[in-house]
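K.L.:
Test case, fold it:
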Amino acid sequence: TRMQKLNESEAPQHMIPTALRLVESDVAGSTDKVLEVEGIFAKLDAKNENNRSYPGSVWEKNLAETSAFMRRLSTRVVLGELEHPETGNTHLERVSHIITGAYIKELSESVISSMKLAEGIDIAPGRYVMGTYQILNTPRGQILKTLHEAGVPVGISSRGRGDVRNVDGVDVVQDDYELD
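P.N.:
Purely as a prediction, here's the structure:
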């Protein structure tokens, strides 16, 4: 097994929406509504489309109430772009959404069957990172909103840095990984 530094540069998987809803904007004085998307962001301990596996311990550390990532999330500075940034750094002119929540949830067969998943989406029971984001009223946000409303699958990616170890051909993210 070899160790290497991980610097996210590709969107590894599709986000699986479980709810789309219009909510009041958090912008002071605004009466606008924004589209909020809730869904499955990642599966714990499973190989993703980037041939990477994020152990439960990595997600538990990063999504703990007192983690640096959750502190940033609570101050509304975890922004996303329509396309994955090549360098891993967020460019404000390309921002489309703001992450507003992230947590780990065990999804049983009964919970999965009660979800309103798009036709053809099949997920297995297990532990998942669930999350929410609000689509911003930016040029790229309008594109993202239109894609969601049309039922087009969109990618989602964590951004962070840490070590990976190749185990049997899969890059396993190590416990030093920090979400940006």
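K.L.:
quick one: pLDDT of the closest residue to Arg159 other than its chain neighbours?
P.N.:
Residue nearest to Arg159 in three dimensions, not counting chain neighbours: Asp180, with 4.3 Å by C-beta to C-beta, 6 or more residues apart in numbering. From N, CA and C alone the C-beta is placed, and that goes for glycine too. On pLDDT, Asp180 comes in at 85.
K.L.:
my guess is Asp180 meets Arg161, correct?
P.N.:
Yes: the criterion here is C-beta atoms under 8 Å, and Asp180 meets it with Arg161 at 7.1 Å.
K.L.:
Please enumerate the shared neighbours of those two.
P.N.:
Taking C-beta atoms under 8 Å, 6 or more residues apart in numbering as the contact rule, Asp180 and Arg161 both touch Gly88.
K.L.:
Can you pull up the most central residue in this protein?
P.N.:
With distances taken as C-alpha atoms, centre = their mean, Phe41 lies nearest the centre of the chain, 4.2 Å away.
K.L.:
quick one: strands adjacent to whichever strand or helix holds it?
P.N.:
Here Phe41, judged by DSSP states H and E, is contained in strand 33-43. Paired neighbours of strand 33-43 in the sheet (DSSP bridges): strand 16-24 (antiparallel), strand 126-135 (antiparallel).
K.L.:
how about TSV for those strands, with mean neighbour count, distance to Asn48 and mean pLDDT added?
P.N.:
Shown next, in TSV, are those (neighbours: other C-beta atoms under 10 Å; distance: least, C-beta to C-beta, whole Å; pLDDT from 0 to 100):
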stretch	mean neighbour count	distance to Asn48	mean pLDDT
strand 16-24	14	13	84
strand 126-135	20	11	94
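K.L.:
Need those in a markdown table (columns: distance to Leu73).
P.N.:
A markdown table is the format used below for the strands paired with strand 33-43 (distance: least, C-beta to C-beta, whole Å):
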| stretch | distance to Leu73 |
| --- | --- |
| strand 16-24 | 17 |
| strand 126-135 | 9 |
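K.L.:
Nearest to Glu119, out of the ones you listed?
P.N.:
Closest approach to Glu119 among those is made by strand 16-24 (12.4 Å; C-beta to C-beta).
K.L.:
I'd like the distance from the closest one to the chain centre, please.
P.N.:
Using C-alpha atoms, centre = their mean, to the nearest Å, the mean C-alpha position of strand 16-24 is found 14 Å from that of the whole chain.
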